[in-house]
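A.B. asks: Sharing a sequence plus its predicted fold:
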Amino acid sequence: MLKGKKYLVVGLGKSGVAAARVLIELGADVTVQDQKRSEEMDGALVQYFTNHKATCYFGRDPEPGRKYEAVIMSPGAPLTIPFVEEARENGAEIISEIELAYRLGKGQYVAITGTNGKTTTTTLTGEMFKEAGRKTKVVGNIGVAVVKEAVEAAEDTWFVTEVSSFQLEPIREFHPRISAILNLTPDHLDRHKTMEGYVNAKARVFENQDAKDYFVVNRDDELAWKLAERCQATVVPFSRKEELDFGAYVDRGQIVIRDQEGTVHPVCGAKELHIPGAHNLENALAACAMAFCAGIDVQVMAAVLRRFAGVEHRLELVSVTEGVRYVNDSKGTNPDSSIKALEAMETPVLLIAGGYDKKSSYEEFINAFDGKVKKLLLLGTTAQAIRAAAIGLGYPEGDIIMCKDMDECVRQAAKLAVSGDTVLLSPACASWDMYESYEQRGRHFKSCVKNI
């Protein structure tokens, strides 16, 4: 089907490499491009592409005038790159790796998006599907490329997929059986420019759904709930705050699901969850709603909820040293995510924040300190902007510590913390100014904690 057809893969992260490998294996004529020069690339990867006669452009743009069947965009690569625009003008489709996976593979998709909670909800939903005995692959923006798994899948495989706005921007046919939008707050405005652009990218998750499909959405989130008006699928709300005629909600401390006939199905007590915070209760409700749409028994959901301990880099307890808790929330890559982390804290906090500038505003983040943040330790590109916002809102200038790197942040925090405090890494920013990923940042924090 693909033999001899020309494809360009832009960006060689996990999804780009996986897409290029699958296309090569299927006989396509593949060109790869990455901003890194060849000497900065993994040598084995460069050798692989050389051995398979792929055309490589490392540290430079492809030659103008080349025509492609399609351009596969990695999430971090903007669609406005001039050579991508030229390829589009020359007739190429511009698509994402999840779109390629959907076209080439089999199986049914659960597609989960939103500003915050995607990784926790995707992991939790995947555990429910596995517990129910479904053939399940947990994939997507969570760190596992979809396309390799998709081409090896059976019709009854379920892909529980975390999808970002970047991955949704270039879809065309991608059609999940169940989609979800967990919440919507400002993020990635450096790329999407406006909140409207960001919301519209997220809304593409249900664009190709019809009345036989399900759209799970947060009833408590005004922006997300408004999108339900645009959706052709069966809308399944979840709510932490109110009783619903249909959907997943909390009734007198109990997680329940009311079906379309009005029957209420109890799942488990909200206090039985091991993952802290109101936001994680919302994540649990969303996971239950999705599992219910797939016909999974509530007892299966309850068993998973009672044992699920969360995901790495999201409110992850690293250690307790001399009565001080060290918590890794490196997944807090935007202000709203870090606000939720602070709300989950029940002790005084020494907060480590700052990182790559996504053009976010920090006023709500600072206001969420609410007397809880004893010291604010800042690093990265946004350190000065967060400092200025904090001082402007009356946070004591003497309680702000500017640090050159993570080592200094952790050492200073350890020196100032007393028994009963929590040292919390929740940056409210992406990691790309100092690290390749939030995972690398979180691992470095954990290493620094072990070394104090």
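C.D. replies: Everything's here; your move.

A.B. asks: neighbours around residue 161, how many?
C.D. replies: Here the count is done by other Cβ atoms under 10 Å, and residue 161 has 32 residues near it. C-beta here means a position set from N, CA and C on the backbone, and glycine is covered the same way.

A.B. asks: can you pull up the bridge partners for it?
C.D. replies: Here residue 161 sits in beta bridges with residue 111, residue 139, going by DSSP bridges.

A.B. asks: State the distance from it to residue 177.
C.D. replies: With distances taken as Cβ to Cβ, to the nearest Å, residue 161 is found 11 Å from residue 177.

A.B. asks: Need the residues touching each of those two.
C.D. replies: Taking Cβ atoms under 8 Å, 6 or more residues apart in numbering as the contact definition, residue 161 and residue 177 share the neighbouring residues 109-110.

A.B. asks: for residue 317, helix, strand, or coil?
C.D. replies: Going by DSSP: H, G, I helix; E, B strand; the rest coil, the secondary structure assigned to residue 317 is strand.

A.B. asks: Can I get stretch 47-62 in CSV? Just the C-alpha atoms.
C.D. replies: Once side chains and other backbone atoms are set aside, the C-alpha atoms of stretch 47-62 remain, and they are given as CSV (Å, rounded to 0.1, in the frame of the first residue of the first chain):
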residue,chain,number,x,y,z
GLN,A,47,23.1,4.3,11.2
TYR,A,48,19.6,2.8,11.0
PHE,A,49,18.4,5.5,8.6
THR,A,50,21.6,5.3,6.6
ASN,A,51,21.3,1.5,6.3
HIS,A,52,17.6,1.8,5.2
LYS,A,53,18.4,4.4,2.6
ALA,A,54,16.3,7.1,4.2
THR,A,55,17.0,10.7,3.1
CYS,A,56,18.3,12.6,6.2
TYR,A,57,18.3,16.3,6.9
PHE,A,58,19.9,16.8,10.3
GLY,A,59,20.3,20.4,11.5
ARG,A,60,18.9,21.8,8.2
ASP,A,61,15.7,22.0,6.2
PRO,A,62,14.9,19.6,3.3
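
A.B. asks: Contacts for that stretch, please.
C.D. replies: Counting by Cβ under 8 Å, 6+ apart, the neighbours of stretch 47-62 from elsewhere in the structure are 8, 20-21, 24, 30-38, 40-41, 46, 63, 81-83.

A.B. asks: Please spell out which residues along that stretch are buried.
C.D. replies: By neighbour count with 16 or more other Cβ atoms under 10 Å, stretch 47-62 contains the buried residues 49, 54, 56-58, 62.

A.B. asks: if we can go back for a sec, give the PyMOL command for selecting the buried subset of the contacts of stretch 47-62.
C.D. replies: Of the contacts of stretch 47-62, the buried ones can be selected in PyMOL as follows, counting by 16+ other Cβ under 10 Å:
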select buried, resi 8+20+21+24+30+31+32+33+34+41+46+81+83
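
A.B. asks: In the record's domain split, what are the boundaries for this structure?
C.D. replies: Per automatic domain parsing, the domain ranges recorded for the chain read 6-91, 102-307, 316-451.

A.B. asks: ok so, going back, from the buried residues of stretch 47-62, which is closest to residue 400?
C.D. replies: Proximity of these to residue 400 (Cβ to Cβ) peaks at residue 58, which lies at 41.5 Å.

A.B. asks: what's the spacing between the lengthiest helix in the chain and its chain's center?
C.D. replies: The single longest helix within the chain, with elements called by DSSP state H, is helix 278-293. With Cα atoms, centre = their mean, to the nearest Å as the basis, helix 278-293 stands 16 Å off its chain's centre.

A.B. asks: What residues of it count as buried?
C.D. replies: Taking 16+ other Cβ under 10 Å as the neighbour-count basis, helix 278-293 is seen to contain the buried residues 279-293.

A.B. asks: what's the answer for stretch 220-238, then?
C.D. replies: Of the residues in stretch 220-238, those buried by neighbour count under the rule 16+ other Cβ under 10 Å are 220-221, 223-225, 227-228, 231, 233-238.

A.B. asks: Against residue 202, how distant is the most centrally placed residue in the chain?
C.D. replies: The centre of the chain sits closest to residue 118, judged by Cα atoms, centre = their mean, with a distance of 4.9 Å. Shown here: residue 118 relative to residue 202, a distance of 11 Å by Cβ to Cβ.

A.B. asks: Ok, residue 333 next?
C.D. replies: Following Cβ to Cβ, the distance that separates residue 333 from residue 202 is 16 Å.

A.B. asks: before we move on, what about residue 420?
C.D. replies: For residue 420, the distance to residue 202 (Cβ to Cβ) stands at 40 Å.

A.B. asks: Among the two, which residue is more densely surrounded?
C.D. replies: The residue with more neighbours, out of residue 420 and residue 202 and counting by other Cβ under 10 Å, is residue 202; that gives 26 against 10.

A.B. asks: Which residues are in contact with that one?
C.D. replies: If a contact means Cβ under 8 Å, 6+ apart, then residue 202 has 113-114, 165, 168, 181, 184, 227 as its contacts.

A.B. asks: just residue 162 next, same as before
C.D. replies: Residue 162 is in contact with 112-113, 118-119, 122, 139-142, counting by Cβ under 8 Å, 6+ apart.

A.B. asks: most surrounded residue in the residues you listed?
C.D. replies: Across the contacts of residue 162, the neighbour count under other Cβ under 10 Å reaches its highest value at residue 112, namely 33 neighbours.

A.B. asks: That residue contacts residue 122, correct?
C.D. replies: Yes - between residue 112 and residue 122 there is a contact under Cβ atoms under 8 Å: 5.0 Å.

A.B. asks: if I look at those two, which residues touch both of them?
C.D. replies: By the contact definition Cβ under 8 Å, 6+ apart, residue 112 and residue 122 are jointly contacted by 160-162.

A.B. asks: any chance of these in TSV, with pLDDT and distance to residue 270 too?
C.D. replies: Below are those laid out as TSV (pLDDT from 0 to 100; distance: Cβ to Cβ, whole Å):
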residue	pLDDT	distance to residue 270
160	98	23
161	98	27
162	96	24
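
A.B. asks: Dump these into CSV; add distance to residue 378 as well.
C.D. replies: Below are those laid out as CSV (distance: Cβ to Cβ, whole Å):
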residue, distance to residue 378
160, 36
161, 35
162, 29
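
A.B. asks: between those residues, which is closest to residue 250?
C.D. replies: Proximity to residue 250 was ranked across those by Cβ to Cβ; first place goes to residue 160, at 23.4 Å.
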